[in-house]
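Novice: coords please:
(chains A and B)
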Amino acid sequence: MDFPDADELQWLEANQEEEVEVQEEEAEVQEEEESPFGLKVRGERIYENEDELFESEEIPQSPEQQSQIQIRSSEKKRHRTRLEIDDDDECARVSVRVRVTAEHENDKYLSRYASEIDGDCVPITAPSGSGERVYAKLDKQFFSVANKFNMATKASDIGLISEPVCALLQKAEQDALLKALQASSDVQNTSISPETSIMTEELWVNKYAPKSFTELLSDEQTNREVLSWLKQWDAAVFGDDIRNTGDEVLSALRRHSSLPLHQRNLSASFLGKSRGPIYARAYMGNSSMLEQENNRPKCIDGSLNKMENGSGTLDQKILLLCGPPGLGKTTLGHVAAKHCGYHVMEINASDDRSSTTIEAKILDAVQMNSVMALSKPKCLVIDEIDGALGEGKGAVEVILKMVMAEKKSSGGSEASTKEEPYGRKLSNKGRKSVSLSRPVICICNDLYAPPLRPLRHVAKVHVFAQPTVNRVVSRLKYICNREGMKISSTALTTLAEYTECDIRSCLNTLQFLHKKKETLNLVALSSQVIGRKDITRSVFDVWKEVFQKRKPKQSRKCDFSPSKTPDTHDSLYVLVSNRNDYELIFDGIHENFLQLHYHDPVLQKTVQCLDALGVSDLLHQCVIRTHNMSLFAYHPFIIITIHQLLGRVETPSIGWPKSFQRYRSLLMEKIERVRSWQTKIPPCISRHLSVDSFIENTVSPLLHILSPANLRPVAAQLLSEKEKNDMAQLLSTMVSLSLTYINTKSESIANNLPRDGIINASSLNLDPPIQGFVNFKGYKPGHYELTSAVKQVLVYEVEKQKIVQESLARFMHSVDSSKQDMDDARDKEKGMTETFRVHQARCDSYKKQIIRNASQKDICQPHVHRDTSSLGFGSTSADAMKSKSTGDVKKPSIGSFNFFDRFKKLSRKGRYDVDSFEEKLTEAEKDGHHLLFKFNEGFTNAVKRPVRMREFLL
Amino acid sequence: MLWVDKYRPKSLDKVIIHEDTAQNLKKLVTEQDCPHLLFYGPSGSGKKALIVAVLREMFGPSAEKVKVENKGWKVDAGTRTIEIELTTLSSTHHVELNPSDAGFQDRYIVQEIIKEMARNRPIDTKGKRGFKVLVLNEVDKLSKEAQHSLRRTMEKYSSSCRLILCCNSSSKVTEAVRSRCLNVRINAPKNEEIVKVLEFIGKKESLQLPPGFTARVAAKSNRSLRRAILLFETCRVQQYPFTNSQVIPPMDWEEYVLEIASDIMKEQSPKRLFQVRGKLYELLVNCIPPEIILKRLLSELLKKLDAELKHEVSHWAAYYEHRMRLGQKAIFHLEAFVAKFMSIYKAFLIATFG
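Specialist: Residues are numbered from 1 along each chain as shown, chains lettered A, B, ... in the order given. Just a heads-up that it's a prediction; the model follows:
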């Protein structure tokens, strides 16, 4: 099997294989409007192609001798015909065509009634005339051949799919054609015995699906935008093939400079034609295809021109179409892609959509081009992308990844490679990364579905509007005519309104009625079997519907306006109960309703509305508590009440309800903060401190207590006696509540930015940030803010206190394990016990701190802090504590201890907490005189100087 | 250490306010026959302190040696397993927990965990008590279902376990539970009692108290002992030789509520309501319970209101508080109250001033 050369391929691609259909009708088309030249060329090509198809068919069929013979014979016949056509010019073919049609009229093989025909027959909807159905007799032999012919067509061009929609129609027509040809050349045919027909009917939806761009019913604006988006890919996808296009195309381009306008004219004219009486429709597919053929190169060149002008980069690589079902999103995607010369590859909810599969498919789409020379570039259509949450997400992720890769890899390279041949660039890109190099169209119903959120930002989003009722009705009417169904346009209008312009639903309804031999009854529309759509609208639509009163639109509806209100209630009820996300709906209403402009002098409406919201809350709570889901059914009525109260004619501006969610999460966070703080406080204090009482009664005074105004930021030993007492009191409070100040750098900026006063990069803040609990917007808390110097002193002192208490606790612990009856004694020395208990709890946290200090070592400047900590026996420890709390830092200590050793010991200690106390005692002995190395970040009130170990040991 | 913690009475003998109650409790405990107890009263009146003192009275000083445990529980609830994390505070003789922390799942805590705890008799019975004690805090926040499950547990395991329940309002505890307990009402201390406590602390801290100063603090304290002591300490920190003209700092959130109240009085319109909503959210976000906000807001509003309206406004406040308790989204009901107030007030203004 040899392939036609590249030129031909290009042509074939462009013509999308629909030419098979065309060949039958070209005679009439010629009469219509098109230039004969182009047609002739095309016709010849096709015949050649068919020839090849026949040849290719022969090979696999060889075992079946009989059929092969048949094929041969038919081939010969064909050849004869072809020769005739090839040899003659245009006029000859017309004559053939005329002969064929003539035979249509005269021949016995065609009849109105199946019973009049002998043998097998095929129902054909007559191409000429007003959609009448005739039955064509089938030659047994020929039928098989024709079938095979079709099969072969399909088999041989996998890349060039034949549209499934037109398959049956096409087949029937081809049968007729072949038969006619057969009849013209070979008159003597065997007659076949009569048989009854089995009538199979296609769904009208498929039968009348738009096959070309101009037939689309959807909003033209959207159509054009989709198309122009697709066109932007042309340069990247088709590459320099475009340059091969002829001069006439370039000249057409000039005509085409105002594409949208031009197109609108075109489509309008076609629409007009389609409404016209007789056969215009029959050649609709054909003529529009011609038009399409004209358009394509033009458009390509349009974008090529653009490329040359230097604005070739595609900013949004994905197209996201969204809208309610039945408006033709999928159809638009397919038709537009085909229109631009792509082979459509669809992935819908029925396919496996895990990320790996998707990725493979996309790679397929990108790379298959080079392998199959015959095929067209592919365009990926991902249908129902919002459907599957789990797997669909995978698809979204993959696509996003690819888009991102694209953005990264080809930053500004586009401009430089622009002058190169596009083909090379394309191949480069294909190899380099798995970035998107083919258009991807995503289709969804709900734009706001959660998995689509990331996609919304990168994709070009088109929201499908409903087609106008007129457009739908005219189309419906046309189809009804074709199917021979008598129906009034008012009935159709009502039907269209009823189904909210869902064409699919309309057509199905009509077909159903047609089958039942009924006509659409305007009065009994609701009682008739019309599937009411179960629409789930986006929640924004619901809110809009709630806040907006329908305009009293048609004058005829105004006649019975009293009955109008229940009607809107009905629709609202259906809308809301289909949406079924009541909590969100109510949140949205609550969030937005005060922004509306409704007339309410003494706020009665507001009160009523809030009452209604309150009722909804009670109901919701009741449902949750009792798990009585059937009560949910009463929610829509509350919404209807609110609608009745607040509905205005003007369009409301609606925002997504954020504040309640924000409130909830912040509340959780803060409660969690208090809780975690509570666990750090020793239980004897924290058990008395519930969250509520802390917030209600404690925070404000506590903040006052923690920030005394008269504290001087000087070293501890410089304070007066009274100040020392105050300081000690403050410190004991802070330690007992395990509060401290920490340096908050990035965190404070991230979290506390809205709070004023903490803007500067690094500042000392309370460690459990309890000051956050009195920070209300627009309110300045009354407590005094300590200066950072004072805070630093406090940090220092608190740390010291902790260390002292920790070591004390260790000592106490060892003593405690030996003597259980220390309790009473400890009761007497009150302060000691408290600190002891504080300590037990805090052992761990302190350890962690040391670890943290160690890890901070390299980033902060090490500051050697000399401290005395005697772990001797009771009396000495008490002394040491006193001396420390007065801040006697300079006291020389005896015995040194490496920081890291100490750290090691500590961690070990943590592990064997209940170690034998003898070991601990000896350790305590060893630790008796030790030196602390402590690293304080940013701590500066000490003099740095090199110190030798020896000096400490003195 | 805060004075609140420092001067909390450790035993029933040292209690200053609620002395009678303390003595009765002491008698109860020493007579070996201790029923289930339900302590109720407003916050800051000393319930917890009394409970701790009772425990100490029962088990001696070892009851004070408590440790905090954060334990996860797996509860088998029919088809699924629910995992609940619960913080308990326990000594060898008692366990203290807060079952309402589990929210909707509190039922399982009561049904499984508490039952489990109650069923196990203490192993070491050679001490004087043959039972252990479960302290349940915030019982009023338990759901009805949980409270219903509680009552059977209370009966069945009463031989080995005593429950001490603690809540703010007994009206939210079901009749059934209440009737199984000895109800101990801990009312908010009177101002004189608060003064007594403050003077006691003043003496201990050897402070010089100008006459009438403690009374002022007590008056500011809203009859909450905790708040009174904290305020007292705040005053001490801010300015020590006390003067009678000294400013006692207010609660920050109360100031904010005051702001809201004046906002409401200034203008009544949906727009203003929207602003008020923002401020209410601010309060709620900072963990201030909505009931308290409503109460405070009402009292602030009542101060500025014509006597004629006071009754009606109070009625509506009660109405919306009730709904708030039934419902879940406090903001709806708070806002509804504000709207209602605005409506009433505006109608009143129009009627009076034309």
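Novice: low pLDDT regions in the stretch 751-900 of chain A?
Specialist: A:751-762, A:813-900 (pLDDT under 70).
Novice: Minimum distance to chain B, which residue of it gives it?
Specialist: Per CB to the nearest CB, A:Val774 is where the stretch 751-900 of chain A lies closest to chain B, at 3.8 Å. Placement of C-beta: from N, CA and C, glycine included.
Novice: Distance check, that residue against A:Leu703.
Specialist: Distance of A:Val774 to A:Leu703, given as CB to CB, to the nearest Å: 7 Å.
Novice: Could you chop chain A up by domain?
Specialist: In terms of domains, chain A is parsed into A:6-201, A:213-463, A:469-515, A:539-654, A:661-786, A:792-953 (source: automatic domain parsing).
Novice: Now for the nearest residue to A:Gly323 once chain neighbours are set aside: which residues touch it?
Specialist: Nearest non-adjacent residue to A:Gly323, counting by CB to CB, 6 or more residues apart in numbering or on different chains: A:Phe464, 2.6 Å away. Counting by CB atoms under 8 Å, 6 or more residues apart in numbering or on different chains, A:Phe464 touches A:218-219, A:222, A:321-324, A:327-329.
Novice: Equivalent analysis for A:Phe593, please.
Specialist: When contacts are counted by CB under 8 Å, 6+ apart, A:Phe593 touches A:547, A:609, A:642, A:646.
Novice: again, 6 Å this time
Specialist: Contact analysis of A:Phe593 by CB atoms under 6 Å, 6 or more residues apart in numbering or on different chains lists A:Leu646.
Novice: quick one: buried residues of stretch B:41-51?
Specialist: Neighbour counts over stretch B:41-51 (16 or more other CB atoms under 10 Å in any protein chain shown) mark B:41, B:43-51 as buried.
Novice: next one: stretch B:9-25
Specialist: By neighbour count on 16+ other CB under 10 Å, the buried set for stretch B:9-25 is B:9-10, B:12, B:15-18, B:21-22, B:25.
Novice: Grab the two from those residues that are most spread out in space.
Specialist: For those, the farthest-apart pair by CB to CB is B:Lys10 and B:Thr21; their separation is 16.4 Å.
Novice: where does chain B have low pLDDT?
Specialist: Looking at chain B by pLDDT under 70, you get B:32, B:121-129.
Novice: follow-up on the earlier one: measure the residue of the stretch 751-900 of chain A closest to chain B to B:Ile292 for me?
Specialist: On the measure of CB to CB, A:Val774 and B:Ile292 end up 15 Å apart.
Novice: Those two: which is more packed in?
Specialist: Neighbour totals were compared for A:Val774 and B:Ile292, and A:Val774 leads with 22 against 17 (other CB atoms under 10 Å in any protein chain shown).
Novice: List the contacts of the residue lying closest to that one once chain neighbours are set aside.
Specialist: Excluding the flanking residues, the one nearest A:Val774 by CB to CB, 6+ apart is B:Asp252, at 3.8 Å. Residues counted as contacts of B:Asp252 (CB under 6 Å, 6+ apart) are A:700, A:774, A:781.
Novice: swap the cut-off to 10 Å and go again
Specialist: Neighbouring residues of B:Asp252 by CB atoms under 10 Å, 6 or more residues apart in numbering or on different chains: A:699-701, A:703-704, A:771, A:773-776, A:779-783, B:286.
Novice: cool, A:Leu572 as well?
Specialist: By CB under 10 Å, 6+ apart, A:Leu572 lies in contact with A:542, A:545-546, A:550, A:636-637, A:639-640, A:642-644, A:647.
Novice: Show me which positions of stretch B:254-269 end up buried.
Specialist: The neighbour-count check on stretch B:254-269 (16+ other CB under 10 Å) flags B:254-257, B:259-261, B:264, B:268 as buried.
Novice: Also within reach of chain A: list those from the residues you listed.
Specialist: Taking CB under 10 Å from any CB of the partner chain as the test, chain A is in contact with B:254-257, B:259-260, B:268 out of the buried residues of stretch B:254-269.
Novice: May I see these organised as TSV, with secondary structure added?
Specialist: Putting these into TSV (DSSP: H, G, I helix; E, B strand; the rest coil) gives the following:
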residue	secondary structure
B:Glu254	helix
B:Glu255	helix
B:Tyr256	helix
B:Val257	helix
B:Glu259	helix
B:Ile260	helix
B:Gln268	coil
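Novice: picking that back up, could you tell me which of the contacts of B:Asp252 belong to strands?
Specialist: Counting by DSSP state E, these place none of their members in strands.
Novice: Tell me the buried residues within these.
Specialist: Burial by neighbour count, 16+ other CB under 10 Å: within the contacts of B:Asp252 this picks out A:699-701, A:703-704, A:771, A:773-776, A:781, A:783, B:286.
Novice: now, which of the residues you listed sits nearest B:Glu312?
Specialist: A:Phe776 (29.2 Å).
Novice: Surely that closest one and B:Ile293 touch.
Specialist: No. Using CB atoms under 10 Å as the test, A:Phe776 is too far from B:Ile293 to be in contact (11.8 Å).
Novice: so what sits against both of these two?
Specialist: When contacts are counted by CB under 10 Å, 6+ apart, A:Phe776 and B:Ile293 have B:253, B:256-257, B:260, B:283 as shared neighbours.
Novice: Let me know the closest of these to chain A.
Specialist: Among the shared contacts of A:Phe776 and B:Ile293, and counting by CB to the nearest CB, the member closest to chain A is B:Tyr256, at 4.8 Å.
Novice: Next one: the closest one from A:Lys338, what distance?
Specialist: 65 Å.
Novice: tell me which of the contacts of B:Asp252 is nearest to A:Asn592?
Specialist: Nearest to A:Asn592 among the contacts of B:Asp252 is A:Phe776, at 23.9 Å by CB to CB.
Novice: Poorly predicted segments of the stretch 51-200 of chain A, please.
Specialist: Within the stretch 51-200 of chain A, the stretches with pLDDT under 70 are A:51-166, A:180-200.
Novice: Spell out which parts of it neighbour chain B.
Specialist: Contact residues, the stretch 51-200 of chain A versus chain B (CB under 10 Å from any CB): none.
Novice: related to what we said a few turns ago, now, the contacts of B:Asp252 that are in helices?
Specialist: Counting by DSSP state H, the contacts of B:Asp252 place A:699-701, A:703-704 in helices.
Novice: rewinding a little: shared neighbours of A:Val774 and A:Leu703, which are they?
Specialist: Listed as contacting both A:Val774 and A:Leu703 by CB under 10 Å, 6+ apart are A:781-783, B:252.
Novice: Leaving out the residues flanking it, which one is nearest to the residue in the stretch 101-250 of chain B positioned nearest to chain A?
Specialist: In the stretch 101-250 of chain B, the residue found nearest to chain A is B:Leu230; the distance is 3.6 Å by CB to the nearest CB. Sequence neighbours aside, A:Pro701 is the residue nearest to B:Leu230 in space, at 3.6 Å (criterion: CB to CB, 6+ apart).
Novice: cool, B:Leu38 as well?
Specialist: Nearest to B:Leu38 is B:Cys181, by CB to CB, 6+ apart, at 3.8 Å.
Novice: Could you do B:Lys115 as well?
Specialist: B:Thr153 (5.2 Å).
Novice: Next, count neighbours for the one you found.
Specialist: By other CB under 10 Å, the residues close to B:Thr153 number 20.
Novice: Could I get the buried residue list for the helix or strand where it lies?
Specialist: Using DSSP states H and E, B:Thr153 maps to helix B:144-156. Buried residues in helix B:144-156, counting neighbours by 16+ other CB under 10 Å, are found at B:145-151, B:153-154.
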